[in-house]
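In: take this sequence and fold it.
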Amino acid sequence: MSGNEIGGQPPNPRDTLETKKRDIVAALRAAGDAERAAKDRAANRTERETWGVHGATLTDMGVELRAEMGVEDRVLIADALWRDGVADGRVLACKLLTQARMRPDGGAWDLLSSWVYHFDCRVIADAGAAALQRRLAAEPERLAVLDDWAGAANVWARRTVFAATAGFAKARHPGDADHAAREAVLVQAERMRGETRPVIRQAIDGWLRDLGRHDPARLAAFESG
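Out: Numbering: from 1, shown residues only. The predicted model follows:
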């Protein structure tokens, strides 16, 4: 009988995932640093519980876990980490779902797109946007959600309109889908032309600068309009 079996029965998949999640949380706590946690909370202007795990460590953990686990298990673990509410865990949850080629990716998209409305600080919003970029690139039809994000009360959700679509602005050899995506984002940039909140204004201006590097004529047309 395998050491992973009890009484001849195979391990329950749910129990296995719960154990895996506990191990991940324990690793996060062990990698934390109280001094860094205080600095991270101040830098992100958040009171959310933070353990002070270095960003590079979170990235490495994400890489290792993506290699170890299938997509469906990663979605379940990411959901559990997000629900815990700890900043480091939420960043890692996003990193578990940051992958260009992911099939099936419906569960990852559903989670990520629901989290957008709960982004509440830069480090989580940036990690979420990085994951969302891959899912939007995989299926540009998902850009239909930009209207909802742009109309959200949450400033970080509105910022995500631009942070999660930066890849389209940066495309060196854009195809039809890239051009269509750019136009969809420009609609929202026009909608927010008078936006003055720094966190959103910076994202818009950065997106437009990227567009200008690759399509200066389109940027000029937008600015003259």
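In: what comes up buried for stretch 112-128?
Out: Going by neighbour count (16 or more other C-beta atoms under 10 Å), the buried part of stretch 112-128 is 112-113, 115-116, 119-128. All C-beta spots, glycine's among them, are computed from the backbone N, C-alpha and C.
In: return the subset of the residues you listed lying in helices.
Out: 112, 113, 115, 122, 123, 124, 125, 126, 127, 128 (DSSP state H).
In: the third one contacts residue 128, correct?
Out: Yes. Taking C-beta atoms under 8 Å as the contact criterion, residue 115 and residue 128 are neighbours in contact, 5.8 Å apart.
In: between the two, what contacts are shared?
Out: residue 94 (C-beta atoms under 8 Å, 6 or more residues apart in numbering).
In: now do the lengthiest helix in the chain, average pLDDT.
Out: Longest helix in the chain, counting residues (DSSP H): helix 13-31. Per-residue pLDDT over helix 13-31 has a mean of 93.
In: just checking, next helix/strand downstream of that helix?
Out: helix 34-44 (DSSP states H and E).
In: centre of the chain to stretch 161-172, how far?
Out: 14 Å (C-alpha atoms, centre = their mean, to the nearest Å).
In: distance between the ends of it?
Out: 20 Å (C-alpha to C-alpha, to the nearest Å).
In: use 419 as the first number from now on
Out: That works, and once the first residue is 419, the last one we named lands at stretch 579-590.
In: need the residues that contact it.
Out: 543-544, 546-547, 550-551, 554-555, 561, 564, 567-568, 592, 596, 599-600, 603, 606-607, 610, 618, 621-622, 624-626, 628-629, 631-632.
In: other SSEs contacting the worst-scoring helix or strand of the chain on mean pLDDT?
Out: Every helix and strand in the chain was compared by mean pLDDT, DSSP states H and E; the lowest is helix 431-449, with a mean of 93. Under the contact criterion of 3 or more C-beta pairs under 8 Å, 6 or more residues apart in numbering; DSSP states H and E, helix 431-449 touches helix 473-486, helix 489-502, helix 505-514.
In: out of the ones you listed, which comes closest to residue 577?
Out: Proximity to residue 577 (C-beta to C-beta) singles out helix 505-514 among the helices and strands packed on helix 431-449, at 14.9 Å.
In: where does the chain have low pLDDT?
Out: 419-429 (pLDDT under 70).
In: about what we covered before: ranking the helices and strands packed on helix 431-449 by mean neighbour count, which comes first?
Out: helix 505-514 (a mean of 26; mean count of other C-beta atoms under 10 Å).
In: what sits up against it?
Out: Contacts for helix 505-514 (C-beta under 8 Å, 6+ apart): 442-443, 446, 450, 458-459, 462, 464, 466-471, 473, 476-477, 479-480, 483-484, 487, 492, 495-497, 499-500, 530, 533, 539, 541-542, 545-546, 548-549.
In: so residue 469 makes contact with residue 447?
Out: Yes. Using C-beta under 8 Å, residue 469 makes contact with residue 447 at a distance of 6.0 Å.
In: and those two? which has more neighbours close in?
Out: residue 469 (19 against 13; other C-beta atoms under 10 Å).
In: for the more buried one, which three-state class applies?
Out: coil (DSSP: H, G, I helix; E, B strand; the rest coil).
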